[in-house]
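**Student:** what follows is a predicted structure for the sequence shown.
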Amino acid sequence: MAAKKTKTKPKPKKKVGRPSTYDPSYCDLVRKLGATGGMAASFAAALGVNKDTIYQWGKDHAEFSDALKDAKSSGEAFYLKQAENRARNGSDVMIKFLLSAAYGYREKTDNQQEVTIKGSAADIIKQVHSAAGNAADRTDP
């Protein structure tokens with residue numbers, strides 16, 4: 001009689017590459033840096049890793065992905081506040097930037113109507129915020 005062959009379990013695959021240096025405490029640092037306008041490159045520099053590593057950690061760790069999203073949102077708010085402050089001080093460039101970045105405003109082309117905005121920078125910002133609120137009210141279901 002022939003000997004029975006026993007099935008052996010396959011060996012687990014070995015991980016390739018260096019072990020991750022990820023630490024969950026990095027989430028707090030990323031959020032703090034984001035609140036002051038930090039971006040992926042500054043997160044990487046602060047943590048001593050490559051920017052690609054930051055993105056990979058975001059894919060591998062849900063809590064780090066959430067921290068990156070939070071940092072991006074707070075960084076956007078930080079820079080919009082900076083632009084708003086400059087616009088209030090009379091910077092036409094910042095007023096155009098805010099209109100473009102926050103509300104989709106574009107320069108006049110041949111088939112668009114020209115719009116003239118008069119008033120102080122603070123008045124213009126109030127008008128833009130008011131117009132954006134009214135537009136949101138019209139688009140809500």
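**Tutor:** Looks like it arrived, so ask away. Numbering: from 1, shown residues only.
**Student:** who's in contact with the residue nearest to the spatial centre of the chain?
**Tutor:** Residue closest to the mean C-alpha point of the chain, counted by CA atoms, centre = their mean, is Lys72 at 2.7 Å. Going by CB atoms under 8 Å, 6 or more residues apart in numbering, Lys72 touches Gly34. Every residue, glycine included, has its C-beta placed from N, CA and C.
**Student:** go ahead and report the secondary structure state at it.
**Tutor:** Three-state call for Lys72 (DSSP: H, G, I helix; E, B strand; the rest coil): helix.
**Student:** next one: Pro12
**Tutor:** Secondary structure for Pro12, judged by three-state DSSP, is coil.
**Student:** tally of neighbours for it?
**Tutor:** Pro12: 6 surrounding residues under other CB atoms under 10 Å.
**Student:** helix or strand with the lowest mean pLDDT in the protein?
**Tutor:** Here the helix or strand of the chain ranked lowest by mean pLDDT, DSSP states H and E is helix 121-139, holding a mean of 62.
**Student:** now do the helix or strand harbouring Ala77, average pLDDT.
**Tutor:** In this structure, Ala77 sits in helix 62-88 according to DSSP states H and E. Averaging the model's pLDDT scores along helix 62-88 yields 91.
**Student:** so which bits of it are buried?
**Tutor:** For helix 62-88, the neighbour count (16 or more other CB atoms under 10 Å) marks Phe64, Ala67, Leu68, Ala71, Ser74, Gly75, Ala83, Glu84, Arg86, Ala87 as buried.
**Student:** cool, and stretch 42-57?
**Tutor:** For stretch 42-57, the neighbour count (16+ other CB under 10 Å) marks Ser42, Phe43, Ala44, Leu47, Val49, Thr53, Ile54, Trp57 as buried.
**Student:** tell me the angle the strand or helix carrying the second one makes with helix 62-88.
**Tutor:** In other words, Phe43. Assigned by DSSP H and E, Phe43 belongs to helix 40-47. Counting by axes from the mean of the first three to the mean of the last three CA atoms, to 10 degrees, helix 40-47 lies at 120 degrees to helix 62-88.
**Student:** what mean pLDDT does helix 40-47 have?
**Tutor:** 95.
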